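A.B. asks: Need coordinates for the below:
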Amino acid sequence: MGEMIDKAKGKAKQIQGDLTGNSARHREGVVDEMKGNLKGAANKIGEAAHKAVDSVKSAVKKI
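C.D. replies: Numbers count the residues shown, from 1 in each chain. Below is the predicted model of the structure:
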């Protein structure tokens, strides 16, 4: 869920920076959005790893 918050916060900062002409605020928003994207990717990798472990456990039990 933190990923969605970071993405939304980042978009809001980018819009605020665009509306006020504040390029530093816009860049800060880009960084926040990227942070949210990275959190999302890390979560997906973690889920895939758990599924792989569960598959191996199931296969070992059948042996």
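A.B. asks: what about Asp32, helix or strand, and which?
C.D. replies: helix 23-62 (DSSP states H and E).
A.B. asks: Around the spatially closest residue to Lys13 that is not a sequence neighbour, count how many other residues there are.
C.D. replies: Closest residue to Lys13 in three dimensions, ignoring its sequence neighbours and counting by C-beta to C-beta, 6 or more residues apart in numbering: Gly29, at 3.0 Å. Yep, even glycine has a C-beta here, placed from its N, CA and C like the rest. For Gly29, the count of nearby residues is 22 (other C-beta atoms under 10 Å).
A.B. asks: got it, and Val31?
C.D. replies: By the criterion of other C-beta under 10 Å, Val31 has 12 neighbours.
A.B. asks: hang on, isn't the residue nearest to Lys13 packed against Ala8?
C.D. replies: No: taking C-beta atoms under 8 Å as the definition, Gly29 is not a contact partner of Ala8, at 10.2 Å.
A.B. asks: about what we covered before: against which helices or strands is the helix holding Asp32 packed?
C.D. replies: In this structure, helix 23-62 packs against helix 2-20, with contacts taken as 3 or more C-beta pairs under 8 Å, 6 or more residues apart in numbering; DSSP states H and E.
A.B. asks: for the helix it packs on, packing partners?
C.D. replies: For helix 2-20, the packing partners by 3+ C-beta pairs under 8 Å, 6+ apart come out as helix 23-62.
A.B. asks: Tell me how far the helix it packs on lies from the chain's centre.
C.D. replies: When distances are taken as C-alpha atoms, centre = their mean, to the nearest Å, helix 23-62 is centred 7 Å away from the chain's centroid.
A.B. asks: give me the low-pLDDT residue ranges for this protein?
C.D. replies: Scanning the chain for pLDDT under 70 picks out nothing.
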